Structures are given as structure tokens and as C-alpha cells.
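Student: here you go, sequence then predicted model.
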Amino acid sequence: MTGRRSFPEESAVGVGGFVREDTPTAEVDRREAVMASLTGTVRELIDATIRTTVDDDEVHRIRDGLAALVARLRTAQLPGPAGIRYNAELRSWNWGNAVMGAANAIAPPLRVQHDSSVCHADVVLGAAYEGPPGLVHGGVSAMLLDHIMGEAASAMRRTAFTGTLTMRYRRGTPLGPLHLEASIVREEGRKIFVAGSISDAGGATVEADGVFIQPVGTPAGGGR
């Protein structure tokens, strides 16, 4: 296909959705920036679609124009889920992820920072994440906390999956700027106990406790 960049699934060897690709890190970074620019525009499209009041004829014209763009994007695409890809330098990319994927316009996206024993992130949630009027959907709050708490549990490149997640909704979480934090409370064998929260300018709106499990074969308690 003319103009297609080299991210060839046919050369990759994958296990359980983790796919090894021999793509240099510099090229991954370059392509990620290109995809993020497209995704940002699609994210704006989602917000504009939710809040538009243009007339029906204009909606139909826009729909037809978008259908043509979708057809162009589908001329070269992965055959299934994006999965998690990585190269020999252990640079990984997970562009389809629902929370932080660079190519996923549903993702806010969340950019998690690791600061000593605490993971934190600042995010702005708009109309696409609304549940009750003016407030973040409770399921979105759970999704974001599950992700950042999983990041805390999976520090030092170990793998950990969500076992249980207990949410406490202290009050409504307003749309707009929010702060997320997560940290490990303790570890027992393959179980990692993590606490997390979402806050606005007035303090915590949602708190959570989670138990994350290291798969069998992973050294218990290792990596921290």
C-alpha cells in the first residue's frame, strides 16, 4: 500500500496479546506522535458531536464526509485487537488502550507519573465522560482508578492483574480537571494491595482499594 509505514504484524511473534516487533524506538516515538495528533482531533470530534446543535442537513453532510474518512483509514489496519507491542529495547506501546492509548480517542488520555512509591496523574474529563448532569460517570471513575492502581501494582516491570476493586464514591466527581493517585499498601505473596483516589480542588471524590494478583510463575514480592 503506497505511503504505508512499517509496523508489520506479519513479522511479529506474539504471546497472549504481547507482540514483539523489530521497530526502532525512535520510529515508535515518531509514529506515536503522528497517531496522537489524529486521535486528538477525533477526540475533539466526539466532544463536538455530543454538543452540536447544527441542523439535520449539516449533520448528514458531516456524516457522509466522515464515512469517507473512515474508509480511507480502513485501507490499511490491524486484523484484530492492537495488543501490547514492544521492541528489543523494551520500549512498549499500547495505542488501543481505553485509558491511555495514543490511538484511542475514547481514552482521556491518562498520563501516569511515577514518583517514588506513588503513581499520580492529572486529567481533564469533558462531555464524553458524563454520567449524571455535570458529573463523571461512576464507571469511568472506576476505569481510571483501576488503571492507575494497576500501574502502581505493576511497578518495576512486573505483571499484575486486577483481582478485586472496591469503590467508595464520597460525592459527585465534577467534569473538568481532576487528580488521581495510587500507591501500594502492602504485599502478601502474589497479592498486591493498592489504594487509590480521584480528587478535585475540594478534595477526594472517589476512593478505592484493590487487590492485584501476580500471575503464577512471577516471583512473589519481587521488583520493589
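Tutor: Right, received. Where do you want to start? None of the values given here were measured: they were computed from a predicted structure. Residues are numbered from 1 along each chain as shown.

Student: CA only for contacts and neighbour counts going forward, please
Tutor: Will do.

Student: quick one: low-confidence parts of the protein?
Tutor: Applying pLDDT under 70 to the chain flags the ranges 1-16, 156, 217-224.

Student: run through the helices of it in chain order.
Tutor: Applying DSSP state H to the chain gives helices spanning 25-51, 56-73, 138-153.

Student: CSV for these, including mean neighbour count?
Tutor: Formatted as CSV, the helices of the chain follow (neighbours: other Cα atoms under 10 Å):
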stretch, mean neighbour count
helix 25-51, 15
helix 56-73, 11
helix 138-153, 22
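
Student: JSON lines for those, including distance to R171?
Tutor: What follows is those, written out as JSON lines (distance: least, Cα to Cα, whole Å):
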{"stretch": "helix 25-51", "distance to R171": "25"}
{"stretch": "helix 56-73", "distance to R171": "37"}
{"stretch": "helix 138-153", "distance to R171": "11"}
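
Student: state which strand of this protein is the longest.
Tutor: In the chain, assigned by DSSP state E, the strand with the most residues is strand 176-188.

Student: using PDB, list the CA coordinates for that one.
Tutor: Extracted C-alpha coordinates of strand 176-188, given in PDB (Å, rounded to 0.1, in the frame of the first residue of the first chain):
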ATOM      1  CA  GLY A 176     -13.100  19.200  34.400                       C
ATOM      2  CA  PRO A 177      -9.600  18.900  35.900                       C
ATOM      3  CA  LEU A 178      -9.000  16.000  38.200                       C
ATOM      4  CA  HIS A 179      -6.100  14.500  40.100                       C
ATOM      5  CA  LEU A 180      -5.500  10.800  40.500                       C
ATOM      6  CA  GLU A 181      -3.200   9.000  42.900                       C
ATOM      7  CA  ALA A 182      -2.400   5.300  43.800                       C
ATOM      8  CA  SER A 183       0.100   3.600  46.000                       C
ATOM      9  CA  ILE A 184       0.900   0.100  47.300                       C
ATOM     10  CA  VAL A 185      -0.300  -0.500  50.800                       C
ATOM     11  CA  ARG A 186       1.200  -4.000  51.400                       C
ATOM     12  CA  GLU A 187       2.100  -7.200  49.700                       C
ATOM     13  CA  GLU A 188       1.200 -10.800  50.600                       C
END
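
Student: done for today, thanks.
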